[in-house]
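Participant: Quick one, structure for this:
(8 chains)
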Protein chains: 8
Amino acid sequence: MAAEARAEQTPVAIVMGSQSDWATMRHAAETLAALGVGHEARIVSAHRTPDRLVAFAKSAKADGFKVVIAGAGGAAHLPGMVAAMTPLPVFGVPVQSHTLSGLDSLLSIVQMPGGVPVGTLAIGKAGAINAALIAASVLALSDEPLAERLDAWRATQTGGVAETPVSEG
Amino acid sequence: MAAEARAEQTPVAIVMGSQSDWATMRHAAETLAALGVGHEARIVSAHRTPDRLVAFAKSAKADGFKVVIAGAGGAAHLPGMVAAMTPLPVFGVPVQSHTLSGLDSLLSIVQMPGGVPVGTLAIGKAGAINAALIAASVLALSDEPLAERLDAWRATQTGGVAETPVSEG
Amino acid sequence: MAAEARAEQTPVAIVMGSQSDWATMRHAAETLAALGVGHEARIVSAHRTPDRLVAFAKSAKADGFKVVIAGAGGAAHLPGMVAAMTPLPVFGVPVQSHTLSGLDSLLSIVQMPGGVPVGTLAIGKAGAINAALIAASVLALSDEPLAERLDAWRATQTGGVAETPVSEG
Amino acid sequence: MAAEARAEQTPVAIVMGSQSDWATMRHAAETLAALGVGHEARIVSAHRTPDRLVAFAKSAKADGFKVVIAGAGGAAHLPGMVAAMTPLPVFGVPVQSHTLSGLDSLLSIVQMPGGVPVGTLAIGKAGAINAALIAASVLALSDEPLAERLDAWRATQTGGVAETPVSEG
Amino acid sequence: MAAEARAEQTPVAIVMGSQSDWATMRHAAETLAALGVGHEARIVSAHRTPDRLVAFAKSAKADGFKVVIAGAGGAAHLPGMVAAMTPLPVFGVPVQSHTLSGLDSLLSIVQMPGGVPVGTLAIGKAGAINAALIAASVLALSDEPLAERLDAWRATQTGGVAETPVSEG
Amino acid sequence: MAAEARAEQTPVAIVMGSQSDWATMRHAAETLAALGVGHEARIVSAHRTPDRLVAFAKSAKADGFKVVIAGAGGAAHLPGMVAAMTPLPVFGVPVQSHTLSGLDSLLSIVQMPGGVPVGTLAIGKAGAINAALIAASVLALSDEPLAERLDAWRATQTGGVAETPVSEG
Amino acid sequence: MAAEARAEQTPVAIVMGSQSDWATMRHAAETLAALGVGHEARIVSAHRTPDRLVAFAKSAKADGFKVVIAGAGGAAHLPGMVAAMTPLPVFGVPVQSHTLSGLDSLLSIVQMPGGVPVGTLAIGKAGAINAALIAASVLALSDEPLAERLDAWRATQTGGVAETPVSEG
Amino acid sequence: MAAEARAEQTPVAIVMGSQSDWATMRHAAETLAALGVGHEARIVSAHRTPDRLVAFAKSAKADGFKVVIAGAGGAAHLPGMVAAMTPLPVFGVPVQSHTLSGLDSLLSIVQMPGGVPVGTLAIGKAGAINAALIAASVLALSDEPLAERLDAWRATQTGGVAETPVSEG
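Facilitator: Residues are numbered from 1 along each chain as shown, chains lettered A, B, ... in the order given. Modelled structure (predicted):
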C-alpha cells in the first residue's frame, strides 16, 4: 500500500511479540474496528526477528502509520525498541505472563529511561482496549468525524452502566 | 486566553496533585520548553480540589488544550479522573512516593479499566521528561516544524552518547 | 426517599465500580442485612460515569446516608473520589483483580494522601464483610439496639469456632 | 476519669506499639487537637505488654472511648488484636518499617479475616493524619459542631491549594 | 490430662486460626505422628476467640506443652500473639492466602519486633511439615530415642531421592 | 564413563533438586538434544542429599563436564552451591513455585554475592530452554560444527515467526 | 574445647556468611550474653568456603553445639545448607541486603522445601535478637535456671514499656 | 584491531546503556583485569543509539569477541537485544535503579522468552563482578592458563575469609 493511502486508511500499526499475544492484542484491533480506525496487525518479535523489528520501526512513519501499538510479555522489549527507532507515538500493552502475572511485562515496558517514551496501558485485555482508545484520541485531534465517533462510543459506554447491581444465577 | 489562541500557543496542560509534585513535573515543562511546545502548569488535586478537577477536565478540550499530562503520587487518582472527563489523550506520570517508591503511584495510574485510557510513563523524572516527549510526538503528527524539532532533539540525544565510559571523581 | 426517612432506614450506601464487583460487594450487603442495617447498593463508576460519581458523593449526606462503603478493583479510584466529595466516613473494599490479585486495588485505595481518608479493608470477600461490620460499629455508637445486635453477632461468631479441627472428605 | 466524662471529653484513644511509633502517631494527635477532638495517647505493645493490650481493649468502650486509632509496624498485630476485643470501630495506621518500607505493616493490618474489621489508612504520616480525620467524621455523625469544624477544616484545606506550582530555591 | 503426663505424651501443641487451616496444618500433625511425637491440634482464633488465645497461650507451659506450632493466614496474628504470652518456643506456619499467595501471611508472622520471636517456616504444606521437624529436633535435644528416629527419618528421606529423573505420564 | 570420553560426548550436566523439577528441566534436555549436545540429567538435592551435591560439584570438571545447568524452586540453593564448588560455568533455572510463582526461586538463585556467579535464566520452561541455548553457545566457542547447528537453530526460529497473527478457534 | 564441656558452656553456634553480617549478628551474640548463654561466633561462607560449611555443619552436634543460629544476605544459602547437614535446630536471620532490603534474604531462607526446616526470624537486627531469644527458649526447656533468666528478661522487657509516649527532640 | 588479534587479546566486550552505569560496570572491568582477561568497555544505548546497538551486536563475533557482558537499568533492554543479534553468550547485569531498587532491571533482563537467553547476574556491583567471573570461566574452558588463574583467584578468595568476625569501629 502506498504510504499516503495508508495514512488515510490504516493509521495504526498493531505489533506483538508472538502469535500467543494475539489473544490479548485482538482486543485492540476490535476496538479500533468498532471506532472505524484502520489498522494492521503484525507479529514482530524483538528477540526472534530483530531485523524485522528494525525494518518495521524505521519505516513505520514513511509507511504512513501515525501511531504504533505494541504488545509483549515477560522481558518485553518490543514497545521500547520500536520507540527507539520511530518518532511516532508508541503505546505499549503489557501482556499477562505465566509466572509473574505481567508485573515483569509492565516494568519492562513502562520504566523507559528519559528520552524514549512508551505510553503504557494496563496489563492484559483492558490495556489492549485502552491502547486502541488512546490511539483513537490521538488521531481524533485532527479528524473531527473520528472525534465524534469516539464521543459517541464514550457516551454509549457511560449509558451502559446500570444504576444498580443485579445478582447473577 | 481564547481557546483558539491557546490551541496555537498552549496545546499542553500539565496538571499535578500538589506543589510537591512540581519537583518531578517541572521536567515535563522544561522538556516541552526545549521543544518549543507551549504549555501551562496547574495544581489540580483530585482529592483536595475535586471541583477544580471537574472544571479543568470537562473544559480542557474547549479551552483549547490538545494533550493533558497529569502527575500524582501514592493513591494517584488525578490522571485517571481527568481521562474520565475529557476526550483528549492523557499521559500519566507516577510521582515517586516516600513509602513504596512509586509502585503505588504506578499501579494507581496504569491499571485503568478498559474504556478509559491513561498512557503511563516511568516513575519520577524520567517519566516526566517522557510525558513531554510523547505529547510532542502526538502534536507533531499535524505540526511538521515540531516534527523536525523533535527529530533534531532525538538526533542530538543520540549524538550525545559517548562511545566509551569515563571514570569519574 | 426523603433524607430523614432514609437516615432511619437506609444509613449505608454501598457503591461499586461495575456489575462485576457485585460478586464481592454482595457480601457487604448480606452482612448488613444480617445485622438489620438498611442499605442501598448502586453502581457508580468513577471512570465511566464521573457525573454520577459527583452527584452521588456530593449529595450522599443530604440524601440521608451516614456511611459509604465503596468497592473497586485495579486502578480503584471510586473510594478515594467519594471521600474527596463527602464528609461522611468512607470505607473502601479492594476488589481482587485478574492480573495482580488485588495488590493494585489495595494500594490505589489505601495510599490516600493526608487530608482525605478512606478506611480500607482486606482484599475481596473478607473486606466486603468487614466493611459492613465496621459500618455497623460506627452506626452502633448512637444506636444501642444495633450495638446489641452487633455484640450478639460477634458472640455467635466466637461461639461458632470449634475447639478442634476435623478432617474433611 | 469517669467513663461518662470521657465520652464527652476524650472520645478517641490513640494506641501504638512503641515509643518509636510516636513520631508517626503524633500526627493523629495533632490533627485531632486541631479539630477540637479529645484524645488520649498510650503505648500498648501487643507483643511486649499483652496484658495491657487485653485490659485496654476489653475496657475501651466501658472507659468511654468511642473510636480507637492503633498504629504499629512490621508484624503489626496491635490494631487487629484491639479489634478482636472491642466492639468500637478501630482504625489502623501502618507505621513505616525499616526494612520493607511498611509493606509488612500494611499487610499485617489490612488483611484481617472476615469478621473482625480494621479500617486501615495509608502507611506513615499520611495515614496517621487520616486516621484522625476518619475518626472525626465518625464522631461528627452525632456531633453537629464537630461536623461544622470538620467542614471548615476541609474547606481550608481546599482553599489552601495554590492554582499553579512555584519553583523553589 | 495432667501436665506431667502430657509432657511425656503430648509435648507439641498445634494451633491454627480456623478449620480451613487444617488442610495445611494436618501435615504438621502427620509428620509428628510419623516421628512418634505426641501432639494435640486445636483451633484458636486470635481474632474470633481472643479469650481462648489468652487462655491457651498463658497456660501452655503449665499444661505440659514444650513447643507450640501455630498456623494462620492473611493478617496472621496467632503465632506472634502466642509467642507474646508463653516462654515456650513458637514455630509459625504461614498458610497460603487466597489473594496474596501467603506473602501477607509470611510477613505478618516473620517480621516480629525484637523481643518476641516466632521461628517461621515456609508458606503452606512445606512449612507445616517443617514446623513438625524443627519441633522434633528441639525435643530430640533431650530425648535420645527421638533423636534416633529423626536421624532415621532423615536418612530415609535422603535415600529416597532417585539418582535420575524419570518422565511421567 | 571416562572423563575424556565424556568431554566429547556429554559436556553438559543437568541437575535438579527433585523429580518434580523434571517437568521444567526436561525442556533443557530436549533443547540440547535438538542441538546435538550430549548431556546427562541427575537429581541432586542440595537439602536432602548434600553429600551427593558435594560429590557431584567437586568432581564435575574432572568427570569431564564443561557446563552445569541447575534447576531448583523455592529456597533454591542448588545452583549457587554447585557454583561454590566447581570452576565450571553454572547456569541456573528458577523453577516456578506453588506459592510465590517462582519469585522466591529467582531471587534465591540470581542474587549471589560477588565472587560466586550463577548465570540465571527466566523462571520456568523458558528458562530451561534458554539454559540449554546459552550452554550450547558456550560450547560453540570451541566447536565450529555446533556453532553452525546453533546458527541454523536460530535461523529456523526466526523463520518460524509468522508475519501476521491468526485468530484461533 | 571438648564436646562435653562445650555442651555445658557453649551450646549455641552463631555462623554468618561474611564479616559484614556481623553488624547484624552481633545482636544475637549480645542477647545471648545478656541471658548468660554461651555461644561462639564464626564466619562460614556457604559460597566462598564450602568446605568449612560442610565441616562445621557435619560436626556441629558432635562438637557439642545444641542450636545453630545462621545469618546471611542476598541469595542466603547458609542457614538452609547447615540445616541440610545437621540434626540440630537451625534458626535463620535474613540480613538486610543493599538492593532488595532483605526480601531476597528472607525468601532464600524461609522458603525451604518440606524435609529440611529453618526457623526463620525477621530481617535484620530484630531477627538477630529474636534468634537468640528462641535459641534460649529451646535450651531453657531443659535448663531451669535459664528458663528463670529468660522469664526475668521478658518481665523486664514488659516493665520497660512506658504507659504514654513522650515527644522527643 | 583485527578480529583475530582481538580474539587473543580482547575476548570480552562490556557494554552498558549509559555513562551512569559505569559506576557499576567498572567492577566487571576491574575483575577481568585482575584475572588477566582482555576486555573493551563501550556505551551502547539500546534506546538512544539503536543503530550502534545493531552494529555492535551483529559484528561482535566477527570482531573477535567471544563473550558479551551487558549492563543496564530500569526497562533494561540492552542485554536481551544484544542476545537477539549475536550467537555469542551474553551475560546481563541489572543496574540498580533509583525508584524500584533494580527489581525492574532484573525482571527486564532475566525474563527473556524461550529462544534467546541472557545469563543474568545479581543486581548491582555483585552482579558486575560475577559477570566477569562467569565470562572468565567460559573462556577458561579452552584456556588452561586462565583456568589456573581463576582457580588461584578463587583460592585466594576462600583463603581470605576470616574464621571469626571482628567488631569494628
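
Participant: Show me the shaky parts of chain A.
Facilitator: A:1-7, A:168-169 (pLDDT under 70).

Participant: can you give me phi and psi for the most centrally placed residue in it?
Facilitator: Central residue of chain A (Cα atoms, centre = their mean): residue A:69, 2.7 Å from the mean position. The phi and psi values for residue A:69, taken as degrees, to the nearest 10, are phi -110, psi 130.

Participant: which residues does it bridge with?
Facilitator: residue A:14, residue A:91 (DSSP bridges).

Participant: distance of it from chain F?
Facilitator: Taking Cβ to the nearest Cβ, to the nearest Å as the measure, residue A:69 falls 13 Å from chain F. (Each C-beta comes from the backbone N, C-alpha and C, glycine too.)

Participant: From what I see, that residue and residue A:24 are in contact.
Facilitator: No: taking contacts as Cβ atoms under 8 Å, residue A:69 lies outside contact range of residue A:24: 11.2 Å.

Participant: Give the full set of residues in contact with whichever residue of chain A sits closest to chain E.
Facilitator: Closest to chain E within chain A is residue A:101: 10.2 Å, counting by Cβ to the nearest Cβ. The neighbours of residue A:101, taking Cβ atoms under 8 Å, 6 or more residues apart in numbering or on different chains as the test, are A:123, C:99-101, F:101.

Participant: One more: residue A:34?
Facilitator: Residue A:34 neighbours (Cβ under 8 Å, 6+ apart): residue A:153.

Participant: For it, give its distance to residue B:167.
Facilitator: 56 Å (Cβ to Cβ, to the nearest Å).

Participant: sorry, back to before: please identify every residue contacting each of residue A:69 and residue A:24.
Facilitator: When contacts are counted by Cβ under 8 Å, 6+ apart, residue A:69 and residue A:24 have A:93, A:128 as shared neighbours.

Participant: Around chain H, which positions in chain A sit nearby?
Facilitator: A:17-18, A:46-48, A:50, A:54, A:73-75, A:77, A:80-81, A:83-85, A:97, A:99-100, A:103-104, A:107-113, A:115-116 (Cβ under 8 Å from any Cβ of the partner chain).

Participant: Write a PyMOL command that selects only the buried members of these.
Facilitator: Selection of buried members from the residues of chain A next to chain H for PyMOL, criterion 16 or more other Cβ atoms under 10 Å in any protein chain shown:
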select buried, chain A and resi 17+18+46+47+48+50+54+73+74+75+77+80+81+83+84+85+97+99+100+103+104+107+108+109+110+111+112+113+115+116
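
Participant: Can you tell me which of the residues of chain A next to chain H end up in strands?
Facilitator: Per DSSP state E, strands hold the following members of the residues of chain A next to chain H: residue A:73.

Participant: Nearest residue to whichever residue of chain A sits closest to chain D in space, please, no chain neighbours.
Facilitator: Nearest to chain D in chain A, going by Cβ to the nearest Cβ, is residue A:103, at a distance of 14.6 Å. Counting by Cβ to Cβ, 6 or more residues apart in numbering or on different chains, residue C:100 is the residue found nearest to residue A:103 once chain neighbours are left out, at 6.8 Å.

Participant: Pretty sure residue A:104 is one of the things that neighbour touches, is it not?
Facilitator: No: with contact defined as Cβ under 8 Å, residue C:100 does not count as touching residue A:104 (11.9 Å).

Participant: Can you show me the helices along chain A?
Facilitator: For chain A, applying DSSP state H gives helices covering A:3-9, A:22-34, A:50-59, A:78-85, A:103-110, A:125-140, A:144-159.

Participant: Comparing the ones you listed, which comes out most buried?
Facilitator: Neighbour counts (mean count of other Cβ atoms under 10 Å in any protein chain shown) averaged over each of the helices of chain A peak at helix A:103-110, with a mean of 31.

Participant: returning to that earlier point: now for the residue nearest to residue A:103: which residues touch it?
Facilitator: Per Cβ under 8 Å, 6+ apart, neighbours of residue C:100: A:101-103, A:123, B:107, B:111.

Participant: That one and residue C:127, how far apart?
Facilitator: As judged by Cβ to Cβ, residue C:100 and residue C:127 stand 16 Å apart.

Participant: Equivalent analysis for residue A:164, please.
Facilitator: From residue A:164 to residue C:127 the distance is 21 Å (Cβ to Cβ).

Participant: Chain neighbours aside, what residue packs nearest to residue A:58?
Facilitator: The nearest residue in space to residue A:58 (Cβ to Cβ, 6+ apart) is residue A:85, at 5.2 Å.

Participant: What of residue A:65?
Facilitator: Computed as Cβ to Cβ, 6+ apart, the closest residue to residue A:65 that is not its neighbour in sequence is residue A:13, at 4.6 Å.

Participant: Any idea how many residues pack against that neighbour?
Facilitator: By other Cβ atoms under 10 Å in any protein chain shown, 27 other residues sit near residue A:13.

Participant: Name all residues that make contact with it.
Facilitator: So residue A:13 contacts A:39-40, A:42, A:56, A:60, A:65, A:67-69 (Cβ under 8 Å, 6+ apart).

Participant: so which of the residues you listed comes closest to chain B?
Facilitator: residue A:67 (8.1 Å).
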